[in-house]
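Enquirer: Test case, fold it:
(2 chains)
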Amino acid sequence: DAGVIQSPRHEVTEMGQEVTLRCKPISGHDYLFWYRQTMMRGLELLIYFNNNVPIDDSGMPEDRFSAKMPNASFSTLKIQPSEPRDSAVYFCASSLVGPGASEQYFGPGTRLTVT
Amino acid sequence: QKEVEQDPGPLSVPEGAIVSLNCTYSNSAFQYFMWYRQYSRKGPELLMYTYSSGNKEDGRFTAQVDKSSKYISLFIRDSQPSDSATYLCAMTPGYSSASKIIFGSGTRLSIRP
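Expert: Predicted structure coming up:
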């Protein structure tokens, strides 16, 4: 298996623009997670899905952020409009069992810079 | 106060040294404790996993949990330059769908050849 795939790997955009991050989880994994990592706040869970259904979005910073999972092999995280404080590395992860499980497999991340 | 506290480092030690990485936490409900390793420009990967108090050894790595003190440690023996990475502690109350994993902020470790 290729592991969790994320695209793009790097994204530079101007404030106010829409940003879409993409993720393909490991085949057969029922859970998908979106995390954000910054120096100040560390690794934060934004939202997770179980069988394509959003279960907990309490970590989503504000209405500018939205996430979808139209099928078992694809998820998007959208920021509209983007702001400089959204600059971070965004990770997608997947696992066989629930968020408390130890084995979460992370993708390589998308490094977002908003100028 | 954060639920999980971790010294960000950076920590620099010579090759062959014993490394000790630590985290403290405030939530007594945490039962499962993990260490993730993150190389530069990569995603975290699970390194060690322990349940409740006690020690677990895997090769050069030993994870230790002291629930009475709310303190966990990761020891690396005979450290190698390839161990240079950021180490994140993580913990969760359990396997239920409501049990999210809480990560520490990570300690950056550098092993000098």
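Enquirer: all contacts plus neighbour counts: C-alpha atoms, from now on.
Expert: Fine.
Enquirer: Low-confidence ranges, chain A, go.
Expert: Within chain A, the stretches with pLDDT under 70 are A:1, A:101-102.
Enquirer: Residue 27: which element?
Expert: Since you didn't name a chain, this refers to chain A. In the assignment (DSSP states H and E), residue A:27 maps to no helix and no strand.
Enquirer: Can you look at chain B instead?
Expert: In this assignment (DSSP H and E), residue B:27 forms part of neither any helix nor any strand.
Enquirer: so what's the residue nearest to the spatial centre of chain A up against?
Expert: When CA atoms, centre = their mean is applied to chain A, the residue found nearest the centroid is residue A:34 (3.0 Å). Contacts of residue A:34 were listed using CA atoms under 8 Å, 6 or more residues apart in numbering or on different chains, and they are A:45, A:46, A:47, A:48, A:77, A:90, A:91, A:92, A:93.
Enquirer: how about 10 Å then?
Expert: A:23, A:44-49, A:57, A:59-60, A:67, A:75-77, A:90-94, A:106, A:109 (CA atoms under 10 Å, 6 or more residues apart in numbering or on different chains).
Enquirer: Contacting chain B as well, which ones from these?
Expert: A:44, A:45, A:48, A:90, A:91, A:92, A:93, A:106, A:109 (CA under 10 Å from any CA of the partner chain).
Enquirer: In strands, which of the contacts of residue A:34 fall?
Expert: Judged by DSSP state E, strands contain the following of these: A:23, A:44-49, A:67, A:75-77, A:90-94, A:106.
Enquirer: what does chain A put close to chain B?
Expert: Near chain B, when you scan chain A using CA under 10 Å from any CA, you find A:4, A:9, A:37-45, A:48, A:50, A:55-56, A:89-93, A:97-111.
Enquirer: re the thing from before, can you name the two of the ones next to chain B among the contacts of residue A:34 that are farthest apart?
Expert: A:48 and A:109 (15.9 Å; CA to CA).
Enquirer: of these two, who's got more company?
Expert: residue A:109 (30 against 27; other CA atoms under 10 Å in any protein chain shown).
Enquirer: Contacts only, for the residue lying closest to the more buried one once chain neighbours are set aside.
Expert: Leaving aside its chain neighbours, residue A:109 sits nearest to residue A:91 (4.4 Å; criterion: CA to CA, 6 or more residues apart in numbering or on different chains). The contact partners of residue A:91, taken as CA under 10 Å, 6+ apart, are A:4-6, A:21-23, A:33-37, A:43-46, A:106-111, B:42-44.
Enquirer: Filter those down to just the buried residues.
Expert: Neighbour-count burial (16 or more other CA atoms under 10 Å in any protein chain shown) applied to those gives A:4-6, A:21-23, A:33-37, A:43-46, A:106-111, B:43-44.
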